[in-house]
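>>> What follows is a predicted protein model with its sequence.
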Amino acid sequence: MNEFSTETSLSLNYDAATRDDAAFNRQFKHGFTTIDDLQMHYVIGGDGPQTIVLLHGFPQSWYEWRALMPHLLEGHRVIAIDLPGLGDSTGSLPSYDKKTLATYVHRLLVSLGVVSGVKLVAHDFGSSIAYALAANYREQIASLFIMDFPVTGGALTFEQLKPLSFHFGFFTEKPLAEMLVEGREREFLSYFFESLAVDASPVLDGLDEYTRVYSRPGVWHNGMEWYRAWPADEQDNADSMKRPLTLPVRILTQEFTYEPLLTGLKDAAPDATGRPVKGAGHWLPEERTEEVLSEIRSFFKYADRLATAAA
């Protein structure tokens with residue numbers, strides 16, 4: 001495993017939430033690696049023989065994993081990535097389709113010496129990149145655990161999703177979504193977190209940090225472009241589904257999204273398993289940290305047993 005990069009950050013306040021956190025700084029470090037025209041930010045810790053990679057959702061950053069990360073260190077190197085165009089990742093992108101964005105994550109991991117055996121955990125839109133990684137870099141990903149995200153391209157489509165929440169349509173309105181939110185990021189984020197939560201308090205604990213990163217120039221726009229690329233993602237997914245995933249895959253969701261999301265996922269990974277989290281909202285890693293941690297550990301133990309049996 002290569003050491004983390006010592007590049008100077010282009011995001012000057014990247015450690016605002018962690019610089020005074022002694023426990024964090026004993027276990028984790030911030031790193032930066034430039035790939036083409038994008039400097040990617042990640043947080044890395046641990047020296048175990050296996051690697052867990054964490055991909056955040058929208059509108060969040062690597063910071064959504066903060067409560068889980070120390071508990072995943074045993075036997076693992078843990079890498080939480082600010083996804084391309086979001087968080088403290090800085091620079092320009094040629095496209096916002098998730099197949100392209102997954103290439104940046106793939107190349108970042110290769111630069112860190114992670115070429116195989118990745119245990120991949122993702123939430124929300126991070127799951128779209130996670131699926132693209134698993135489908136296009138099959139030698140790199142060993143198992144896939146996603147949370148509360150629709151993998152469209154088969155039986156499930158973006159058009160079916162739009163009525164479920166206002167944001168699916170609003171975020172694709174260009175340039176209205178930028179005009180109404182930029183300069184009001186804190187107000188919108190607070191409303192959005194509360195509207196999709198059962199208990200928003202643990203998510204709102206990170207509101208200062210999420211406001212900071214989504215107030216950075218271009219970051220909110222990049223997030224909107226992620227949504228606007230959904231039709232391209234759907235076609236890419238449909239192509240990938242012609243060769244279904246065979247690695248272990250599991251999904252956790254809210255109760256009301258469970259059946260459609262598992263059905264959509266099975267078009268990509270026919271043997272995928274999952275379960276709903278009763279009484280939870282969308283922000284599972286923060287709303288239900290202990291339950292999510294238990295599920296991750298159990299799933300990866302199961303995946304490890306399968307890998308050992310197949311060896």
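The structure has been received and is ready for your questions.
>>> in a helix, that's where E178 is, yeah?
Yes - according to DSSP: H, G, I helix; E, B strand; the rest coil, E178 belongs to a helix.
>>> Put the alpha carbons of the worst-scoring helix or strand of the chain on mean pLDDT into CSV.
Ranking every helix and strand in the chain by mean pLDDT, DSSP states H and E puts helix 158-161 at the bottom, with a mean of 89. Backbone C-alpha positions of helix 158-161 (Å, rounded to 0.1, in the frame of the first residue of the first chain) are rendered in CSV as follows:
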residue,chain,number,x,y,z
PHE,A,158,-35.6,7.9,-13.3
GLU,A,159,-39.0,8.9,-14.5
GLN,A,160,-40.5,6.5,-12.0
LEU,A,161,-38.5,8.2,-9.2
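>>> So which bits of the helix or strand harbouring A23 are buried?
Taking DSSP states H and E as the criterion, A23 maps to helix 22-27. If you call a residue buried by 16 or more other Cβ atoms under 10 Å, then helix 22-27 has these buried ones: F24, Q27. For every residue, glycine as well, the C-beta is placed using N, CA and C.
>>> coming back round to it: packing partners of the least confident helix or strand of the chain?
Applying 3 or more Cβ pairs under 8 Å, 6 or more residues apart in numbering; DSSP states H and E, one finds that helix 158-161 makes contact with helix 230-240.
>>> What helices and strands are in contact with the helix it packs on?
Using 3+ Cβ pairs under 8 Å, 6+ apart: helix 230-240 touches helix 98-111, helix 126-136, helix 158-161.
>>> ok, the next helix or strand after that helix: who's next to it in the sheet?
Note on helix 230-240: by DSSP H and E, the next helix or strand toward the C-terminus is strand 249-254. Counting by DSSP bridges, the strands paired with strand 249-254 are strand 141-147 (parallel), strand 273-277 (parallel).
>>> what sits up against the longest one?
What that stands for is strand 141-147. 57, 116-124, 126-127, 130-131, 133-134, 245, 247-253, 265, 269, 284-285, 292, 295-296, 299-300, 303, 307 (Cβ atoms under 8 Å, 6 or more residues apart in numbering).
>>> Narrow those residues to just the buried residues.
57, 118-124, 126-127, 130-131, 133-134, 245, 247-253, 265, 269, 284-285, 292, 295-296, 299-300, 303.
>>> how about CSV for the helices and strands packed on helix 230-240, with distance to Y227 added?
Formatted as CSV, those follow (distance: least, Cβ to Cβ, whole Å):
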stretch, distance to Y227
helix 98-111, 11
helix 126-136, 10
helix 158-161, 9
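>>> any weak-confidence spans in the stretch 101-250 of the chain?
The stretch 101-250 of the chain contains no residues with pLDDT under 70.
>>> ok, 90 please
Within the stretch 101-250 of the chain, the stretches with pLDDT under 90 are 161-165.
>>> circling back to that earlier point, tell me the most buried of the helices and strands packed on helix 230-240?
Comparing the helices and strands packed on helix 230-240 by mean neighbour count (mean count of other Cβ atoms under 10 Å), helix 126-136 comes out on top with a mean of 26.
>>> Packing partners of it?
So helix 126-136, by 3+ Cβ pairs under 8 Å, 6+ apart, packs with strand 50-55, helix 98-111, strand 118-123, strand 141-147, helix 230-240.
>>> give me that answer again for 6 Å
strand 50-55, helix 98-111, strand 141-147 (3 or more Cβ pairs under 6 Å, 6 or more residues apart in numbering; DSSP states H and E).
>>> if we can go back for a sec, can you name the next helix or strand after the helix holding A23?
Trace forward from helix 22-27 with DSSP H and E and the next one is strand 28-35.
>>> returning to that earlier point: and the contacts of the least confident helix or strand of the chain?
With Cβ atoms under 6 Å, 6 or more residues apart in numbering as the test, helix 158-161 has contacts from P150, T152, F168, W230, E234.
>>> The helix or strand harbouring V78 relative to helix 98-111, how many degrees between them?
Per DSSP H and E: V78 is located in strand 76-81. Between strand 76-81 and helix 98-111, the angle comes out at 140 degrees (axes from the mean of the first three to the mean of the last three Cα atoms, to 10 degrees).
>>> Can you list the strands that whichever helix or strand comes after strand 76-81 pairs with?
For strand 76-81, the following helix or strand on the C-terminal side (DSSP H and E) is strand 90-91. Strand 90-91 sits in its sheet next to strand 38-45 (antiparallel), going by DSSP bridges.
>>> Residues touching the partner strand, excluding its own?
4, 10, 27-33, 62, 78-82, 84, 87-91, 108.
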